[in-house]
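Q: Got a sequence here, can you build the structure:
(chains A, B, C and D)
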There are 2 protein chains.
Amino acid sequence: MNIGEAAKASGVSAKMIRYYESVGLIPAAGRTTSGYRLYTMTDVQVLRFIRRARDLGFPVEKIEELLALWQDRSRQSADVKRIALEQIAGLETRIREMQAMMDTLRHLANACCGDHRPDCPILADLLEGPQQVDAHSEGGRSAAIRSGPATILQTH
Amino acid sequence: MNIGEAAKASGVSAKMIRYYESVGLIPAAGRTTSGYRLYTMTDVQVLRFIRRARDLGFPVEKIEELLALWQDRSRQSADVKRIALEQIAGLETRIREMQAMMDTLRHLANACCGDHRPDCPILADLLEGPQQVDAHSEGGRSAAIRSGPATILQTH
DNA sequence: ATAGGGCTTCCCATCATGGGAAGGTCAAGG
DNA sequence: CCTTGACCTTCCCATGATGGGAAGCCCTAT
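A: Residues are numbered from 1 along each chain as shown, chains lettered A, B, ... in the order given. The predicted structure is shown next:
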């Protein structure tokens, strides 16, 4: 099996297969005499494992741990569960941060009439910072601000 | 005002101020005869604007638009609102994707007893893909899988 | 004068991914 | 046998926002 076929069979692009090899996530594939990489069904299985773990948001580093556990027949399921729970916690945190941003933006967008006039509470907020609008709305941007010092989530 | 003071006053690191200048988000600052960058309170205001927009998750590209609108006195608030709504939509999408991953992981983690034994449904899922566990649970990973072809969100 | 802190530029790393160029290989068909 | 096109190889570059660090200049206070 050449790299292209392995890519199709696993759902991991040829580029990424080479990358995973280069960073040591997978062992170096065998080669034909002319230098083509060769893959077996077992290799494809590993690649699919990686692909699925990536789909669940695991970073390559964690996948390395998962692969090691997978190949360790004396593993303890608790170790796998721990990694999964850490991943869940990380996702939770990021979701909460993004949710805070979104809440603030929704608040601001609601306050903006969105017509032809130049007055805009969104720009005003960006300019002057969170204002105490009234007693019970407690300021539009508070959630995002409380989420800590500039832990910005990139779109990537 | 030197760059360090502007950084403190705006909450944007000196490194990032130089970066924003290099990518054209802000105009090149004035210089002393010895080459030090100089900033005014107006510059600091712009930097704070940028900082707040970043806190709301806007990418630099969008901030460029926002700054242009901010400085355009004949702007229409609808334009600003549109950008904000786009940002909200983007956040919503990413949150939904992460939520799907998290749901799947929770499902798997719940099914994993997490003890000293090697049997682990999490690894089994990564190995074999989503299984129809029973009629009404409709398979743990379906949400993450349906979220489309490998639009992975990075931890960064 | 010297020390220390701030400033400059430049390079590198992150993290996972894709794009593309230059060149070698292989299989099928003229 | 040779060409063509599809595949493979390696290498470099870009992404996006950010930090780290080195080498070297500048300014101020002692």
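Q: Which residue, other than its chain neighbours, is closest to residue A:125?
A: residue A:108 (5.7 Å; Cβ to Cβ, 6 or more residues apart in numbering or on different chains). No exception for glycine: its C-beta is placed from N, CA and C like everyone else's.
Q: between the helix or strand encompassing that neighbour and helix B:77-111, how many degrees?
A: In the assignment (DSSP states H and E), residue A:108 maps to helix A:77-111. Interaxial angle, helix A:77-111 versus helix B:77-111 (axes from the mean of the first three to the mean of the last three Cα atoms, to 10 degrees): 160 degrees.
Q: which other helices and strands contact helix A:77-111?
A: helix A:60-71, helix A:121-128, helix A:142-146, helix B:77-111, helix B:121-128 (3 or more Cβ pairs under 8 Å, 6 or more residues apart in numbering or on different chains; DSSP states H and E).
Q: so, in contact with DNA strand C or not, that helix?
A: No. Using Cβ under 7 Å from any atom of the strand, we find that helix A:77-111 stays clear of DNA strand C, coming within 11.8 Å at best.
Q: tell me which residues in that helix are buried?
A: For helix A:77-111, burial by neighbour count (16 or more other Cβ atoms under 10 Å in any protein chain shown) applies to A:77, A:79-81, A:83-84, A:87-88, A:90-91, A:94-95, A:97-109, A:111.
Q: Find the residue closest to the spatially most central residue of chain A in space, skipping its chain neighbours.
A: In chain A, the centroid-proximal residue (Cα atoms, centre = their mean) is residue A:57; its distance is 4.8 Å. Closest residue in space to residue A:57, ignoring its immediate chain neighbours: residue B:101 at 4.6 Å, by Cβ to Cβ, 6+ apart.
Q: ok, the residue nearest to the centre of chain A touching residue A:86?
A: No. Residue A:57 lies out of contact with residue A:86 (Cβ atoms under 8 Å); the separation is 11.4 Å.
Q: and the gap between residue A:4 and residue A:72?
A: Here residue A:4 is placed at a distance of 31 Å from residue A:72 (Cβ to Cβ, to the nearest Å).
Q: lowest-pLDDT helix or strand in chain A?
A: helix A:142-146 (a mean of 44; mean pLDDT, DSSP states H and E).
Q: Show me chain A divided up by domain.
A: Domain segmentation of chain A under automatic domain parsing yields A:3-56, A:77-146.
Q: mean pLDDT for those domains: which is lowest?
A: Among the domains of chain A, domain A:77-146 carries the lowest mean pLDDT, a mean of 84.
Q: Residue A:28 belongs to a strand, doesn't it?
A: No. Assigned with DSSP: H, G, I helix; E, B strand; the rest coil, residue A:28 falls outside any strand and is coil.
Q: Enumerate every residue touching residue A:116.
A: B:76, B:77, B:78 (Cβ atoms under 8 Å, 6 or more residues apart in numbering or on different chains).
Q: What about the spatially closest residue to the second one that is not a sequence neighbour? Give its phi and psi, please.
A: Think residue B:77. The shortest distance from residue B:77 to any non-neighbouring residue, by Cβ to Cβ, 6+ apart, is to residue A:120 (3.9 Å). Dihedral pair for residue A:120: phi -150, psi 120, per degrees, to the nearest 10.
Q: my guess is residue A:120 meets residue B:82, correct?
A: No. Between residue A:120 and residue B:82 there is no contact under Cβ under 8 Å: 11.1 Å.
Q: I figured residue A:127 hits residue B:51, correct?
A: No. If you go by Cβ under 8 Å, residue A:127 and residue B:51 don't touch, sitting 11.5 Å apart.
Q: More neighbours: which of those two?
A: With neighbours defined as other Cβ atoms under 10 Å in any protein chain shown, residue A:127 and residue B:51 compare such that residue B:51 has more, 19 against 14.
Q: Just the closest residue of chain A to DNA strand D, please.
A: residue A:4 (2.6 Å; Cβ to the nearest atom of the strand).
Q: Residues contacting whatever helix or strand that residue lives in, please?
A: Residue A:4 is part of helix A:3-10, with elements assigned from DSSP H and E. Helix A:3-10 is contacted from outside by A:1, A:12-14, A:17-18, A:29, A:36-37, A:39, A:43-44, A:47-48, A:51, using Cβ under 8 Å, 6+ apart.
Q: cutoff 6 Å now
A: A:13, A:14, A:17, A:37, A:39, A:44, A:47, A:48 (Cβ atoms under 6 Å, 6 or more residues apart in numbering or on different chains).
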